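Engineer: mind folding the following:
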Amino acid sequence: MCGFFAIEEEVWITLKKKEIVRYEREFNDIIKNSPFIKNKAFVIYIRKKKISKPHFGLAISKKTGNAVCRNKLKRRTRAIIDEIKESFPKERDYIIMIKRRCVELSFIEMREALIELIKEIK
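Structural biologist: Below you'll find the model as predicted:
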């Protein structure tokens, strides 16, 4: 079950279409052939490329909760990425897998966990 019972005021900002990994083949290629780093909340697969703008993809398991819970976690992660995308190294594609542990974390804790991983990338 997803533990989101309190009403929270959050501003959702979404990534632009040109910043998203679009194709399933490309998405799967990044996951299968790229190095990754992980912590308690996220796993990030990183692929270097020649284009200077980063692209992002999100993945979450169906075991994480119902659709409402998974979508809320994806919205939160997109908002965090949009807020801190300038700190991601350029010329790379990123697939961010959201772990089940994120259900228990607050927005601020998720943000801190993602920032920790970004620091490891550099």
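Engineer: quick check: phi and psi at residue 21.
Structural biologist: phi -70, psi 120 (degrees, to the nearest 10).
Engineer: tell me the contacts of it?
Structural biologist: 27, 30, 55, 56, 57, 93, 95 (C-beta atoms under 8 Å, 6 or more residues apart in numbering). (C-beta placed from N, C-alpha, C; glycine too.)
Engineer: these two touch, right, residue 19 and residue 51?
Structural biologist: No: look at residue 19 against residue 51 with C-beta atoms under 8 Å: they stay out of range, at 11.5 Å.
Engineer: which secondary structure element is home to the most centrally placed residue in the chain?
Structural biologist: In the chain, the C-alpha nearest the mean C-alpha coordinate belongs to residue 96, at 3.8 Å (C-alpha atoms, centre = their mean). Per DSSP states H and E: residue 96 is located in strand 92-98.
Engineer: which helices and strands does that strand pack with?
Structural biologist: Other helices and strands packing on strand 92-98, by 3 or more C-beta pairs under 8 Å, 6 or more residues apart in numbering; DSSP states H and E, are helix 24-33, strand 42-48, strand 55-60, helix 67-84.
Engineer: adjacent strands (with direction) for that strand?
Structural biologist: Partner strands for strand 92-98, per DSSP bridges, with pairing direction: strand 42-48 (antiparallel), strand 55-60 (parallel).
Engineer: how about residues contacting that strand?
Structural biologist: With C-beta under 8 Å, 6+ apart, strand 92-98 has contacts from 21, 26-27, 30-31, 34, 41-49, 54-60, 64, 73-74, 77, 81, 88, 114, 121.
Engineer: starting at the chain centroid, how far to it?
Structural biologist: In terms of C-alpha atoms, centre = their mean, to the nearest Å, the centre of strand 92-98 is found 6 Å from the chain centre.
Engineer: just the C-alpha atoms of it, please, in CSV.
Structural biologist: Below are the C-alpha coordinates for strand 92-98, written out as CSV (Å, rounded to 0.1, in the frame of the first residue of the first chain):
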residue,chain,number,x,y,z
ARG,A,92,24.8,11.8,-20.9
ASP,A,93,21.5,9.9,-20.9
TYR,A,94,20.1,8.9,-17.6
ILE,A,95,17.6,6.2,-16.7
ILE,A,96,16.4,6.7,-13.1
MET,A,97,14.8,3.6,-11.5
ILE,A,98,12.7,4.4,-8.5
